[in-house]
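> got a structure for you, letters missing:
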């Protein structure tokens, strides 16, 4: 476990539709999908009172967020529904320590806190299995049409939903220190983390046609913001550490894509963690400052080579590949040889940048945008259609369908045509079991053994109906987990 | 961290560095599945993306 970035997590909002029917209610579909989950779970007892979403990293509080307006709007428009906003959320905490609920009409799976990148990727895949199983069960209920679930980030007409990557980092360094060193990396990591998107959703310029590297790049409007539904930022400033507040920050990144390729997810989280480690250990000098990083995100997304020129504040130019290579060089120099997982990340990051530069066709078995480019190009050649044909956008959507019978990525998995990182057994284990070396283990045990005894539950703690409370906010390291297990055993024999 | 301002080093399209093969095993380069995926793609409703409407999330 990394001391500098000890905990990691991923939140994924899925798209949901009922197809082959005239109309359907997306609120109902998302809610009923989550409620169909048959896993052992704590239902309806999420501790919203422990949320602190209005505090900003820059040292102030905001009075309201766009998500508050969405909640007000739901309450105003949907008064006729036979359930409240909170009942609609259908909160579940699962036996593997994850959270699964209906967030803004999207089924959302938030992984348990993980200590390693590979563990996190396995739990992200577990989320896919859990959501897909809920859809399968819903589709056995005999209603017209069928529920289809998409692990993506857009409906192609301007509605985006997120995949957020989270990292526990130290509060010792000023927030600006992290921002200054992180922005060029985040703007350019889409070279390998982009899930690919056909077309554009920029309000002021719809002239682009073809494949973009990333789904979210069109939706990034500013460098820093606490908002997540409007004014989406490169770095979200929500100051909600879910841990001891005077020791930690939680870096909440909302600019990333939902990757179908687990290799791409591993690279996304792995490279980001290593860069954060360098920053946290003060081993990274201030990198180049980009003149317009928000515009650069869109520019980079529209170029498949990583060689487009970006303007620097000092008057020069630099390419996305050069920025990534520079970060990689620092990571390699300072962090190689420390553990197998970090060495894997460094090796694969190196390989990916090399192949993007010299043999980009080789990325077509593990980087989502490159896989799409390869299969869509073959399809267009076969059918005599171009990027502007609506059929290609439909293929783009179907790539993200998690139904094994329909999804295009699922099809490539079944034929062994994309890189596989985990066995089915490993993913099945993550569906059922929490990581053993993080506080999620305690949460998972509580869900498994505490049926009927839990008053409310949260990332930071579990309150019991008898007045007992397990504080998870201070449980960061595996030693903390072991100490909690031994010290509370008498009070909670199931630990 | 030092970054060059290569105005503009013309891209050196050299051969890729000779690196030891690493990481997860890559599938067969013949890509036999790419024929199967063509069949699956042809079954996709061309209008599917036009019908796909979601609410804004986070």
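Arrived safely, thanks for sending. Predicted model only: the values in this text are computed from it and were never measured. Numbers count the residues shown, from 1 in each chain, chains lettered A, B, ... in the order given.

> check whether the lengthiest helix in chain B contacts chain A.
Taking DSSP state H as the criterion, chain B has its longest helix at helix B:33-42. Yes. Applying CB under 8 Å from any CB of the partner chain, one finds helix B:33-42 in contact with chain A at B:33-34, B:36-38, B:40-42. Quick note: C-beta positions are derived from backbone N, CA and C, even for glycine.

> which of those are buried?
B:33-34, B:37, B:40-41 (16 or more other CB atoms under 10 Å in any protein chain shown).

> can I get those residues in a markdown table including distance to residue A:438 and pLDDT?
Output for those, formatted as a markdown table (distance: CB to CB, whole Å; pLDDT from 0 to 100):
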| residue | distance to residue A:438 | pLDDT |
| --- | --- | --- |
| B:33 | 36 | 59 |
| B:34 | 39 | 78 |
| B:37 | 37 | 97 |
| B:40 | 38 | 98 |
| B:41 | 40 | 98 |
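
> now, which of those sits nearest chain A?
Using CB to the nearest CB, residue B:33 comes nearest to chain A of those, at 2.7 Å.

> up against chain B, what does the stretch 151-300 of chain A have?
When proximity is defined by CB under 8 Å from any CB, the stretch 151-300 of chain A lies next to chain B at A:155-157, A:159-162, A:164, A:228-229, A:254, A:263, A:284-288.

> buried ones among these?
With neighbours counted by 16+ other CB under 10 Å, these contain buried members at A:155-156, A:159-162, A:164, A:228-229, A:254, A:263, A:284, A:287-288.

> got these as JSON lines, with secondary structure columns?
Formatted as JSON lines, these follow (DSSP: H, G, I helix; E, B strand; the rest coil):
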{"residue": "A:155", "secondary structure": "coil"}
{"residue": "A:156", "secondary structure": "coil"}
{"residue": "A:159", "secondary structure": "coil"}
{"residue": "A:160", "secondary structure": "strand"}
{"residue": "A:161", "secondary structure": "coil"}
{"residue": "A:162", "secondary structure": "coil"}
{"residue": "A:164", "secondary structure": "strand"}
{"residue": "A:228", "secondary structure": "coil"}
{"residue": "A:229", "secondary structure": "coil"}
{"residue": "A:254", "secondary structure": "coil"}
{"residue": "A:263", "secondary structure": "helix"}
{"residue": "A:284", "secondary structure": "coil"}
{"residue": "A:287", "secondary structure": "coil"}
{"residue": "A:288", "secondary structure": "coil"}
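
> quick one: which of these is nearest chain B?
With CB to the nearest CB as the yardstick, the closest approach to chain B among these comes from residue A:161, at 2.7 Å.

> what's the pLDDT at the closest one?
You'll see residue A:161 listed with a pLDDT of 98.

> OK, contacts around it?
Counting by CB atoms under 8 Å, 6 or more residues apart in numbering or on different chains, residue A:161 makes contact with A:13-15, A:104, A:106, A:153-154, B:54-58.

> repeat that for 7 Å
Contact analysis of residue A:161 by CB atoms under 7 Å, 6 or more residues apart in numbering or on different chains lists A:13, A:15, A:106, A:153, B:54, B:56-58.

> give me the contact list for the lowest-mean-pLDDT helix or strand in chain B.
For chain B, counting by mean pLDDT, DSSP states H and E, helix B:33-42 ranks last in confidence among helices and strands (a mean of 90). With CB under 7 Å, 6+ apart as the test, helix B:33-42 has contacts from A:375, A:378-379, A:382, A:395, A:408, A:411-412, A:415-417.

> 8 Å instead, please
Taking contacts as CB under 8 Å, 6+ apart, the residues outside helix B:33-42 that touch it are A:374-375, A:378-379, A:382-383, A:395, A:398, A:406, A:408, A:411-412, A:414-417, B:27.

> now swap in stretch A:445-454 and tell me
Residues contacting stretch A:445-454 (CB under 8 Å, 6+ apart): A:40-42, A:45, A:93-95, A:97, A:434, A:457, A:462-466, A:470, A:492, A:494-495.

> same check on stretch A:282-292?
The contact list for stretch A:282-292 (CB under 8 Å, 6+ apart) reads A:173, A:180-181, A:183-185, A:187, A:275, A:278, A:296, A:310-314, A:318, A:323, A:326-327, A:330, A:334, B:1, B:3.

> show me the residues you listed that map onto helices.
Those of these mapping onto helices are A:180-181, A:183-185, A:187, A:275, A:278, A:296, A:323, A:326-327, A:330, A:334, per DSSP H.

> and those, which are buried?
For those, a burial check counting by 16+ other CB under 10 Å picks out A:181, A:183-185, A:187, A:275, A:278, A:296, A:323, A:326-327, A:330.

> need those residues in TSV with pLDDT, can you?
Below are these laid out as TSV (pLDDT from 0 to 100):
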residue	pLDDT
A:181	98
A:183	98
A:184	98
A:185	98
A:187	98
A:275	98
A:278	98
A:296	98
A:323	98
A:326	98
A:327	98
A:330	98
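
> which two in these are spaced the farthest apart?
The span of those, defined through CB to CB, is set by A:278 and A:296 at 21.5 Å.

> contact residues of the stretch 351-495 of chain A facing chain B?
Residues of the stretch 351-495 of chain A lying near chain B (CB under 8 Å from any CB): A:351, A:354-355, A:357-359, A:365-366, A:374-375, A:378-379, A:382-383, A:389-391, A:393-398, A:406, A:408, A:411-412, A:414-421.

> worst mean pLDDT across the helices and strands of chain A, which element?
For chain A, judged by mean pLDDT, DSSP H and E, that is helix A:66-77, with a mean of 74.

> tell me the first helix or strand C-terminal of it.
The element immediately downstream of helix A:66-77 (helix or strand, assigned by DSSP states H and E) is helix A:85-89.

> name the residues that touch that next one?
Residues from elsewhere that reach helix A:85-89 (CB under 8 Å, 6+ apart): A:27, A:31, A:44, A:46, A:48, A:71, A:74-75, A:81, A:101-103.

> follow-up on the earlier one: out of the ones in helices among the contacts of stretch A:282-292, give me the two with the largest separation.
Top of the distance list for the ones in helices among the contacts of stretch A:282-292 (CB to CB): A:296 and A:334, 25.9 Å.

> quick one: whichever strand or helix holds residue A:224 to chain centroid distance?
Using DSSP H and E, residue A:224 sits in strand A:222-225. Put simply, strand A:222-225 sits 18 Å off its chain's centre (CA atoms, centre = their mean, to the nearest Å).

> same question, stretch A:384-400
Distance, centroid of stretch A:384-400 to centroid of chain: 24 Å (CA atoms, centre = their mean).

> check contacts around residue A:427.
So residue A:427 contacts A:122, A:125-126, A:129 (CB under 8 Å, 6+ apart).

> low pLDDT regions in chain B?
B:1-33 (pLDDT under 70).

> now do the strands in the stretch 151-300 of chain A.
A:163-170, A:197-198, A:211-212, A:222-225, A:233-236, A:248-253 (DSSP state E, counting those that start in this stretch).
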